[in-house]
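> This is a predicted model, with the sequence first.
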Amino acid sequence: MTYRVALESGESFPAGDGSVLSAALDAGVTLPSDCRQGACGTCRIKLLEGRVTYAEPPMALAPEDEAGGFALACQARAASDLLIRSQSLALPPTTRRSATVKSVSRLAADVFHLQLDLGEPADYAPGQYMKLHLADGTTRNFSMAARPGGALEFHVRRIPGGRFTDGQLARLREGERLDIEMPHGAFIFRRQDYRPVIMAVTGTGLAPIRSMLESLLDDPDAPPITLYRGARTEADLYLHDELESWRARIPDFRYIPVLSRNGRRRYVQDAICADFADLSEHAVYLCGSPQMTAAARSAFRSHGADMSYVYAEGFSFQLQEETT
Ligand SMILES: Cc1cc2nc3c(=O)[nH]c(=O)nc-3n(C[C@H](O)[C@H](O)[C@H](O)COP(=O)(O)OP(=O)(O)OC[C@H]3O[C@@H](n4cnc5c(N)ncnc54)[C@H](O)[C@@H]3O)c2cc1C
């Protein structure tokens, strides 16, 4: 059965058995999307008319959101004609190219700093990521960790047994060529929200947030920002001094480390809920494991967050993802 999906903007496309997102992409209609596994929530759409179904309930769509008329385009299948609302974002075009390794060093015991050179300034929006194509035909995603315009920087966590992060990364040598495709993703900073911002990260989830923050340095129009950074112990707080120093370079910036293995077990979402009884006026950016982003969404919803202003990137893994 084929249905018609119309956007409020007037564009429309046919949708058959696949997801609403894949139908849109097949028709050349760009909807924001990231993980395409129902884990990040970037492809959230508002159903103004019509019904959708899911093979499995998507992780990033709470029952309350579904009841409120939201759907995740990457998992939803049309069960009738649809009228939808989606955020349109002007993002740089994606290209596949060769990059040169500039350096690989350590930021922490299990975090590497990878720098690549494209031979020209890279064009991406802070918060976006690259796909690294491996020789076996699979890809790995890593978020750019610096503002656009300079060398490409990444914070890569070593996953024990991971084909790239454990098997290849530490052996890369300066001058080696890597096959990358970028930029991808819609987890970007939305200035137009005009809201105070709360950012919550764990582990290398700092990478895209650092790119956003670096692009706001010395900007008198930056909104008030509070960054909560979850880590197990102080040793995991790589780039701590740099973030501390940015208090002087972003007009109203607060940086709050939250340790989960020192004494009281505490998570970023708990710390934020303890500090903010009401999140209804904030924009929230979440980046880390899909478990953290799902737990934080749910906690923030119950603290009044407007879910239209909660943006998340869940660092899922892509073991079997094939190149196209
Ligand atoms: C949009 C996006 C952006 C990302 N950006 C970053 C980033 O900036 N920095 C970063 O460090 N990571 C990031 N990740 C996660 C990163 O892509 C994976 O950790 C990476 O693909 C692991 O590759 P690998 O070849 O080492 O492991 P694989 O060989 O693919 O996996 C080996 C095994 O390790 C486990 N595994 C793999 N990845 C993870 C993970 N992330 N968490 C838990 N278990 C895992 C699985 O059990 C898997 O079977 C991002 C993910 C997404 C979706």
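Perfect, I can see it now.
> From here on, just use CA atoms for contacts and neighbour counts.
OK.
> roughly how far apart are Arg210 and the ligand?
Look at Arg210 and the ligand: by Cα to the nearest ligand atom, to the nearest Å, they are 10 Å apart.
> part of a strand, is that residue?
No - read with DSSP: H, G, I helix; E, B strand; the rest coil, Arg210 is helix and lies in no strand.
> so what's it closest to, chain neighbours aside?
Among residues not flanking Arg210 along the chain, Ala145 sits closest, at 5.6 Å (Cα to Cα, 6 or more residues apart in numbering).
> right, and the one you found touches Pro208 too?
Yes - the pair Ala145 and Pro208 passes the contact test of Cα atoms under 8 Å, sitting 5.2 Å apart.
> Identify the contacts common to those two.
Residues touching both Ala145 and Pro208 (Cα atoms under 8 Å, 6 or more residues apart in numbering): Gly127.
> Moving C-terminal from the lengthiest strand in the chain, which element do we reach first?
For the chain, the strand with the greatest residue count under DSSP state E is strand 95-108. Sequence order places strand 111-117 as the next helix or strand after strand 95-108, per DSSP states H and E.
> interface residues of the chain facing the ligand?
The chain has residues 34-35, 129, 140-143, 154-157, 159, 161-166, 204, 207, 315-319 near the ligand, with proximity defined as Cα under 6 Å from any ligand atom.
> can you count the residues close to the residue nearest to Ala79 when sequence neighbours are not counted?
Excluding the flanking residues, the one nearest Ala79 by Cα to Cα, 6+ apart is Val52, at 4.8 Å. Using other Cα atoms under 10 Å, Val52 has 18 neighbouring residues.
> pretty sure Val52 is touching Ser80, no?
Yes - counting by Cα under 8 Å, Ser80 is a contact partner of Val52 at 7.1 Å.
> now the end-to-end length of stretch 115-127.
Stretch 115-127 has an end-to-end distance of 16 Å (Cα to Cα, to the nearest Å).
> Just the residues contacting it, thanks.
Contacts for stretch 115-127 (Cα under 8 Å, 6+ apart): 91-92, 98-104, 143-154, 182-183, 185-189, 207-209, 211-212, 215.
> Over to stretch 3-23?
Defining contact as Cα under 8 Å, 6+ apart, one finds that stretch 3-23 is touched by 1-2, 24, 27, 29, 31, 43, 73-86.
> from the chain's centre, how far out does that stretch sit?
Counting by Cα atoms, centre = their mean, to the nearest Å, stretch 3-23 is centred 24 Å from the centre of its parent chain.
> List the buried residues in that stretch.
Neighbour counts over stretch 3-23 (16 or more other Cα atoms under 10 Å) mark 3, 5-7, 12-15, 19-23 as buried.
> Among the residues you listed, which ones are in strands?
Among the buried residues of stretch 3-23, the members falling in strands (DSSP E) are 3, 5-7, 12-15.
> returning to what we had before: narrow the contacts of stretch 3-23 to just the buried residues.
Judged by 16+ other Cα under 10 Å, buried ones among those: 24, 31, 43, 73-86.
> Inside strands: which ones of the residues you listed?
The members of the buried ones among the contacts of stretch 3-23 that map onto strands under DSSP E are 77-78, 82-85.
> pLDDT check: weakest of these?
Lowest pLDDT among those: Arg85, with 90.
> quick one: contacts for Ser143?
Contact analysis of Ser143 by Cα under 8 Å, 6+ apart lists 127-130, 154-155, 207-208.
> Over to Leu172?
Taking Cα under 8 Å, 6+ apart, we find Leu172 in contact with 101, 104.
> And it, how far from Val101?
For Leu172, the distance to Val101 - Cα to Cα - is 7 Å.
> I'd like to know the average pLDDT value across the helix or strand containing Cys273.
According to DSSP H and E, Cys273 maps onto helix 268-275. In this model, helix 268-275 has a mean pLDDT of 94.
> Give the next helix or strand downstream of that helix.
Toward the C-terminus from helix 268-275 - assigned by DSSP H and E - lies strand 283-288.
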